Structures are given as structure tokens and as C-alpha cells.
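In: starting from these lines, generate the structure:
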Amino acid sequence: MPILYWLIRPILLLAAIIAGWFVAEEAPNFGVVQMVVAVFLIAALVGLAAFWEALMDWTRRRK
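Out: Model prediction:
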């Protein structure tokens, strides 16, 4: 299995769980909602990775 599968599969699984809170799995637009949630999760992970050092500095200064 490609490494990309191991990276994307957990995000899509989490996106399906979150989308299931708002839309029934049998709904015709469930896949669209799941992909929107997945895009938001990926954007959040990229933002967290981009600002990780600044966030850690901020938390260390707060203590």
C-alpha cells in the first residue's frame, strides 16, 4: 500500500465520523459533506504544522 493511503485514510475516517454527526450516512450528499470536513481537517493540520513553533513558544511563555 502506498504511504499516501496511510496518511489520508485516518483523516477520511475522522471526517466520516464528524460528517455523520450532521448528515445521515444514507443521504445522497454524505460524500460531499465528508470531503468538506476532510478539507477542513487537512487545512487545520497544515496550519498546526506551519505554526507549531510559534504555538509552542506562546505556551511556554504563558507558564
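In: quick check: which ranges of this protein have low pLDDT?
Out: By pLDDT under 70, the weakly predicted segments of the chain are 1.
In: what's the nearest residue to the residue nearest in space to the middle of it if we skip its chain neighbours?
Out: Centroid-nearest residue in the chain: residue 41, 2.1 Å away (criterion: CA atoms, centre = their mean). Leaving aside its chain neighbours, residue 41 sits nearest to residue 11 (5.4 Å; criterion: CB to CB, 6 or more residues apart in numbering). Backbone N, C-alpha and C define where each C-beta goes, glycine included.
In: the residue nearest to the centre of the chain: which element?
Out: Here residue 41 is covered by helix 30-50, with elements defined by DSSP states H and E.
In: okay, buried residues for that helix please.
Out: If you call a residue buried by 16 or more other CB atoms under 10 Å, then helix 30-50 has these buried ones: 30, 33-34, 37-38, 41.
In: from these, which is closest to residue 22?
Out: Within the buried residues of helix 30-50, proximity to residue 22 (CB to CB) peaks at residue 33, which comes in at 6.6 Å.
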